[in-house]
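Student: Requesting a structural model of the entry that follows:
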Amino acid sequence: MSQKKVWALIAAEMEKHGHKVSGPQCLSKFSGLKKTYKAIKDNNKKSGAGTKTWPYFSHMDNLLNSKPYMSPLTTVSSTGKQTEAQSEHSTSSAKSLEEEKPSVHKKPRQMSVEKLLDDLKTDRKMAEEAMEKRHKENVDLRRQLLSSFEKMIDILNKK
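Tutor: The predicted structure follows:
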């Protein structure tokens, strides 16, 4: 299945949940999220750099942490020098690679799209409720202010 079809399916699933988006929009959004995740992860690895936080980091970490392009298995050096462990690993046979596999600890199963959508809905609902609460407080404050002004006008009119 092509990547374009996969993003179209994701967009269709999101439309079922009330989000009007297209496949290319989903791809663009996910690419941006992936870029932000990688930037934060790289920054947090650096010594002396303050750690950055992001509300979606844990979700993206569950999705992308085990991907080789996020944490490469090996790196290429321009000096050409290899450590002993690197040279042994590069000359090892397929049999020894198979023996190493059991020692690799895999992350727990990745979150499903449904779980991710539910989490996003919950976050949005909480944000909307907070915004609505602030709006109500603002309206109440303005009503109190208007009431105070009306009382002041009544007092001034009595004089």
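Student: mind checking how far the lengthiest helix in the chain is from the chain centre?
Tutor: Using DSSP state H, we find that the single longest helix of the chain is helix 113-158. Computed by CA atoms, centre = their mean, to the nearest Å, the chain-centroid distance of helix 113-158 equals 29 Å.
Student: cool, stretch 3-10 as well?
Tutor: Per CA atoms, centre = their mean, the centroid offset for stretch 3-10 relative to its chain is 20 Å.
Student: mind checking how far Ala12 is from Leu27?
Tutor: 14 Å (CB to CB, to the nearest Å). Using the backbone N, CA and C atoms, a C-beta is placed for each residue, glycine as well.
Student: out of these two, which sits in the busier spot?
Tutor: Neighbour count, other CB atoms under 10 Å: between Ala12 and Leu27, Leu27 has more, with 17 against 13.
Student: What's the local residue count around the closest residue to that one other than its chain neighbours?
Tutor: Once flanking residues are discounted, Leu27 sits nearest to Trp7: 4.7 Å by CB to CB, 6 or more residues apart in numbering. A count of nearby residues for Trp7, using other CB under 10 Å, gives 20.
Student: For Trp7, give me its contacts.
Tutor: Gly23, Pro24, Cys26, Leu27 (CB atoms under 8 Å, 6 or more residues apart in numbering).
Student: quick one, phi/psi of Ser47?
Tutor: When read as degrees, to the nearest 10, the backbone of Ser47 gives phi -80, psi 140.
Student: how close does it get to Asp61?
Tutor: Applying CB to CB, the value for Ser47 to Asp61 is 20 Å.
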